[in-house]
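Visitor: need coordinates for the following:
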Amino acid sequence: MTVLWWPRTEVTYRSSAPSSVVYDDQSPHFLGLVHRYTLSGEHSYRMVISRSPGEAYGHWLDVDAALATKGIESTTWTESGVRVRFLTGHEVFVPARFFLFGR
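Guide: A predicted model of the protein is given here:
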């Protein structure tokens, strides 16, 4: 029975760009931190920025488990991109040009 639901994913953090931030593609944008579990017991994390609230398609970045397991403190959306601040103190800035127009 266990094999039927592996691998599986869990979204551990979600954020959406505020309506006051308008990008060139005129679409809303969302960020999710996705935790993926495999049958072999491996865990990986991926940050996905997309034009839909689902984390299946968009611009993604692999995130080190040491950062991701502690969690995200905040996200700051600006017209130039999105800044993600982790609880460890690390920050990642993703320029808007990398996630606009469905990339």
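
Visitor: ok, which stretches of the protein are strands?
Guide: 8-16, 30-37, 43-50, 59-63, 72-78, 81-86, 91-95 (DSSP state E).

Visitor: of all the ones you listed, which lies closest to Val22?
Guide: Comparison of the strands of the chain against Val22 by CB to CB identifies strand 72-78 as nearest, at 10.5 Å. Glycine gets a C-beta too; all of them are placed from N, C-alpha and C.

Visitor: buried ones in the closest one?
Guide: By neighbour count with 16 or more other CB atoms under 10 Å, strand 72-78 contains the buried residues Ile72, Thr75, Trp77.

Visitor: quick one: residues in contact with it.
Guide: For strand 72-78, the surrounding residues in contact (CB atoms under 8 Å, 6 or more residues apart in numbering) are 13, 15, 17-18, 21, 29, 31, 33, 82-87.

Visitor: now which of the residues you listed would you call buried?
Guide: Buried among the contacts of strand 72-78 by 16+ other CB under 10 Å: Tyr13, Ser15, Ala17, Val21, His29, Leu31, Leu33, Val82, Val84, Phe86.

Visitor: any chance of those in a markdown table, with pLDDT too?
Guide: Below are those laid out as a markdown table (pLDDT from 0 to 100):
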| residue | pLDDT |
| --- | --- |
| Tyr13 | 96 |
| Ser15 | 97 |
| Ala17 | 97 |
| Val21 | 97 |
| His29 | 95 |
| Leu31 | 96 |
| Leu33 | 96 |
| Val82 | 98 |
| Val84 | 98 |
| Phe86 | 97 |
